[in-house]
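Participant: Take a look and give me a structure for this.
(2 chains)
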Number of protein chains: 2
Amino acid sequence: MVAGRVMVVGGTHGNERNAPWLLEAWRRHPALLRRSDLALELVLGNSAAHAAGVRYLDRDLNRSFVPALLDAPGPGDRELERARELLALHGPGGSHPCLVALDLHSTTAAMGNSLVVYGRRSADLALAAGVQQRLGLPIYLHEQDRAQTGYLVERWPCGLVVEVGPVPQGVIQEPICRQSQLALEAALEVLAQARSGALRLPQRLVVHRHLGSLDLPRHGDGSPAAVVHPQRQNRDWQPVAAGDPLFLTAEGATIPYHPREDQEIGPVWAVFINEAAYGEKGIALSLTRRESWPVEPSWGQALADLARELQSPG
Amino acid sequence: MVAGRVMVVGGTHGNERNAPWLLEAWRRHPALLRRSDLALELVLGNSAAHAAGVRYLDRDLNRSFVPALLDAPGPGDRELERARELLALHGPGGSHPCLVALDLHSTTAAMGNSLVVYGRRSADLALAAGVQQRLGLPIYLHEQDRAQTGYLVERWPCGLVVEVGPVPQGVIQEPICRQSQLALEAALEVLAQARSGALRLPQRLVVHRHLGSLDLPRHGDGSPAAVVHPQRQNRDWQPVAAGDPLFLTAEGATIPYHPREDQEIGPVWAVFINEAAYGEKGIALSLTRRESWPVEPSWGQALADLARELQSPG
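Facilitator: From the prediction side, this is the model:
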């Protein structure tokens, strides 16, 4: 593996303003970020959408890193071109290679300070376990969702998303910034310890494993027939039992949760409840299973192998 | 004055979704809204921006009702054309005339359930006083701001804005809907009593009179140099004294409030703190003076004269 940096991305969605504010602050005042002696690449993800103040221009950049799209011949739309550009610049084989991608997001859902891991790559799990050990953050393990693919961090050898909320789109709030920075600094510390061989991972990793997503009930014409139930709003990371209120119709009728599939038998936990940007994706909330996994020695080894190639500044 | 209806508008800003959800519910189930025997016109304000999920397409519709713009020859941009269309349809001289405009908005600021009055028209003040008497809502009296003009309600003989928050753009939350409906039903009740001669107004009206707005501190290149101070966030309708924290720089320096002009000597109250859509307008928050005004008999008379021409349904 070639040597490389850690890429810190903000503004992958152009209307999430907290991480771009931090990136700009760290550019102006490098001492404000504790970097654990790692060389960083600070990247404004979707710079054009950020300038326009919208999530994206043509297509969600954080669903554009699909190999079949990236490898298709000819020019793509603006987000696909930006995805290709980011890989050409900072991909592991790029002109300024990065080996790890830490992608800082915010959400209108009450997710608190949290991590999202995509799939079960050993290095990702080791990194997430190290951050969870330091800060206790909950982890949403996203996998096996054919409707939602092409996340940025998946195209780097190791990567995590940090999700902090609730905060409205377009709004910067100091506690959101502070929490984002805490998560990032913890991740950098884990990477630095992995590089030096000093990393000691916990015995267990607690994840909330993605089961599926629920859309709002809808009328025949596609318009919503209900809203998120006020007893469900802001209760991310909390269990949902069969019969618990999920949605509320305009007429005041409560629509309770009914497990849909075999895998939803037993308790489930809700995340990303009423995230503004997921309406268009047909997601009112996602359901997960809370699981405690033993931390495998091979995870820490995979992260150490990769972290050994991380550069120091200067 | 010709006879007319009450126009109830939602979605004047296309990314404010709560009022459009209510309009759709009331269309499907008219009995869900207590109308006080008044004929209503339910109008989706900026229907094109609503479909696109953005505040506006070319120009803020709620700054487009400027007489010089409306009367200019030739076609305008999409919002100006929509403003002309709304007036041609539902203006007091329109094909389906309305005499009162009640414009339902939401905000990312922690405004609670509140009213905005533009200028000092007698009928507006009577209507606001009647709603305040019933629900105790705070009132932001917006006037003498040459940078912010052309509000929709100003082009109807009587009108109010209902502002409810905090809620993210693009998100529907049941308490926001419930509060919007409460304010609307109270306004309809006041209008119905004014029509029947039964309206008894309170002796005093408490307003928060607009003094001016403050932008974030900015670098030479125009980018923000600070964020709203966490001790100021969510403290709408609360007094701000000289020396109180207003903003926080990336380096952690607190920027306190200093009165800028003679009119800001004495206590001031902040509103619309960190509203997402006002960043582009250079407004981080607005300052007001809290004043208790005697309710003039002429206000109730002006509202009664107008309300007498309001139609009943059917």
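
Participant: just the residues of the stretch 51-200 of chain A that are near chain B, which are they?
Facilitator: Contact residues, the stretch 51-200 of chain A versus chain B (CB under 8 Å from any CB of the partner chain): A:53-54, A:108, A:166-175, A:177. Every C-beta, even on glycine, is put in place using the N, C-alpha and C of the backbone.

Participant: Take the residues you listed and keep only those in helices.
Facilitator: Residues of those located in helices (DSSP state H): A:E174, A:P175, A:C177.

Participant: Give me the phi and psi angles of the spatially closest residue to the last one that is not a sequence neighbour.
Facilitator: Leaving out its chain neighbours, the residue that sits closest to A:C177 by CB to CB, 6 or more residues apart in numbering or on different chains is A:N18, at 5.1 Å. Dihedral pair for A:N18: phi -70, psi -50, per degrees, to the nearest 10.

Participant: A:N18 reaches A:R178, doesn't it?
Facilitator: No: between A:N18 and A:R178 there is no contact under CB atoms under 8 Å: 9.6 Å.

Participant: So between those two, which is more surrounded?
Facilitator: Using other CB atoms under 10 Å in any protein chain shown as the criterion, A:N18 and A:R178 rank with A:N18 on top: 27 against 14.

Participant: which among the ones in helices among the residues of the stretch 51-200 of chain A next to chain B end up buried?
Facilitator: Among those, those scoring as buried are A:E174, A:C177 (criterion: 16 or more other CB atoms under 10 Å in any protein chain shown).

Participant: will you turn the ones in helices among the residues of the stretch 51-200 of chain A next to chain B into CSV that also has pLDDT?
Facilitator: Below are these laid out as CSV (pLDDT from 0 to 100):
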residue, pLDDT
A:E174, 98
A:P175, 98
A:C177, 98
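
Participant: Now flag whichever of the ones in helices among the residues of the stretch 51-200 of chain A next to chain B is closest to A:A147.
Facilitator: Nearest to A:A147 among these: A:C177, at 31.3 Å, using CB to CB.

Participant: which residues touch that closest one?
Facilitator: Applying CB atoms under 8 Å, 6 or more residues apart in numbering or on different chains to A:C177 gives the contacts A:N18, A:W21, A:L22, B:V227.

Participant: 10 Å - rerun?
Facilitator: Residues near A:C177 by CB atoms under 10 Å, 6 or more residues apart in numbering or on different chains: A:17-19, A:21-22, A:25, A:104, A:106, A:164, A:167, B:227, B:230, B:248, B:250.

Participant: Tell me which of the residues you listed fall in strands.
Facilitator: A:L104, A:S106, A:V164, B:V227, B:L248 (DSSP state E).

Participant: Of the residues you listed, just the buried ones, ChimeraX syntax please.
Facilitator: Those of the ones in strands among the contacts of A:C177 that count as buried under 16+ other CB under 10 Å are selected in ChimeraX with:
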select /A:104,106,164 /B:227,248
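
Participant: Between the ones in strands among the contacts of A:C177, which sits nearest B:Q311?
Facilitator: A:S106 (47.2 Å).

Participant: isn't that closest one right up against A:V164?
Facilitator: Yes: with contact defined as CB atoms under 10 Å, A:S106 counts as touching A:V164 (5.3 Å).

Participant: distance of the residue of the stretch 1-150 of chain A found nearest chain B from A:R178?
Facilitator: Relative to chain B, the nearest point of the stretch 1-150 of chain A is A:A25 (3.3 Å; CB to the nearest CB). As judged by CB to CB, to the nearest Å, A:A25 and A:R178 stand 12 Å apart.

Participant: rewinding a little: now list the buried members of the residues of the stretch 51-200 of chain A next to chain B.
Facilitator: Buried among these (16+ other CB under 10 Å): A:53-54, A:108, A:166-174, A:177.

Participant: The closest residue in space to A:Y151 that isn't next to it in sequence: neighbour count?
Facilitator: Once flanking residues are discounted, A:Y151 sits nearest to A:Y118: 5.1 Å by CB to CB, 6+ apart. Number of residues near A:Y118 (other CB under 10 Å) recorded here: 21.

Participant: Let me know the outermost residue of chain A.
Facilitator: Largest separation from the mean C-alpha position in chain A: A:E251, at 35.8 Å (CA atoms, centre = their mean).

Participant: phi, psi of that residue?
Facilitator: Per degrees, to the nearest 10, the backbone of A:E251 is at phi -80, psi 0.

Participant: thinking A:Q311 is in contact with A:A3, fair?
Facilitator: Yes: A:Q311 lies in contact with A:A3 (CB under 10 Å); the separation is 5.3 Å.

Participant: Looking at these two, which one has more neighbours?
Facilitator: Per other CB under 10 Å, whichever of A:Q311 and A:A3 has more neighbours is A:Q311, with 17 against 11.

Participant: Could you measure from the more buried one over to chain B?
Facilitator: For A:Q311, the distance to chain B (CB to the nearest CB, to the nearest Å) stands at 26 Å.

Participant: what's the nearest residue to A:A302 if we skip its chain neighbours?
Facilitator: A:S122 (3.7 Å).

Participant: what's the answer for A:G170, then?
Facilitator: Once flanking residues are discounted, A:G170 sits nearest to B:A276: 3.5 Å by CB to CB, 6+ apart.

Participant: What about that neighbour, how many residues nearby?
Facilitator: Neighbour number of B:A276 under other CB under 10 Å is 23.

Participant: show me the contacts for it.
Facilitator: By CB under 10 Å, 6+ apart, the residues touching B:A276 are A:15, A:17, A:53, A:167-172, B:15, B:55, B:107-109, B:166, B:168-169.

Participant: Need phi/psi at it.
Facilitator: Residue torsions, per degrees, to the nearest 10, at B:A276 are phi -60, psi -40.

Participant: What ranges does chain A have for its strands?
Facilitator: A:5-10, A:40-44, A:98-106, A:112-118, A:139-142, A:158-165, A:204-214, A:226-228, A:239-240, A:245-249, A:254-256, A:268-271, A:285-294.

Participant: can you list the ones you listed in CSV and add mean pLDDT?
Facilitator: Written out in CSV, the entries for the strands of chain A read as follows (pLDDT from 0 to 100):
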stretch, mean pLDDT
strand A:5-10, 98
strand A:40-44, 98
strand A:98-106, 98
strand A:112-118, 98
strand A:139-142, 98
strand A:158-165, 98
strand A:204-214, 97
strand A:226-228, 97
strand A:239-240, 96
strand A:245-249, 97
strand A:254-256, 98
strand A:268-271, 97
strand A:285-294, 97
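
Participant: quick one, which of those is nearest to B:P259?
Facilitator: strand A:98-106 (33.7 Å).

Participant: Can you give me the buried ones in stretch A:44-56?
Facilitator: Using 16+ other CB under 10 Å as the test for burial, stretch A:44-56 gives A:L44, A:G45, A:N46, A:A48, A:A49, A:H50, A:G53, A:V54, A:R55, A:Y56.

Participant: Same question for stretch A:75-84.
Facilitator: Buried-residue list, stretch A:75-84, by 16+ other CB under 10 Å: A:G76, A:R78, A:E79, A:L80, A:R82, A:A83, A:R84.

Participant: what does stretch A:115-131 give?
Facilitator: Buried residues in stretch A:115-131, counted by 16+ other CB under 10 Å: A:115-118, A:121-131.

Participant: contacting residues around A:G14?
Facilitator: A:20, A:44-57, A:61, A:169-170.

Participant: 6 Å - rerun?
Facilitator: By CB atoms under 6 Å, 6 or more residues apart in numbering or on different chains, the residues touching A:G14 are A:N46, A:A49, A:H50, A:V54, A:R55.

Participant: Now do the closest residue to the second one other than its chain neighbours against B:S298, distance only.
Facilitator: The spatial neighbour of A:A49 that comes closest, neighbours along the chain excluded (CB to CB, 6+ apart), is A:G14 at 2.7 Å. According to CB to CB, A:G14 stands 50 Å off from B:S298.

Participant: now swap in A:P217 and tell me
Facilitator: Taken as CB to CB, the span from A:P217 to B:S298 is 50 Å.

Participant: Alright, I will stop here.
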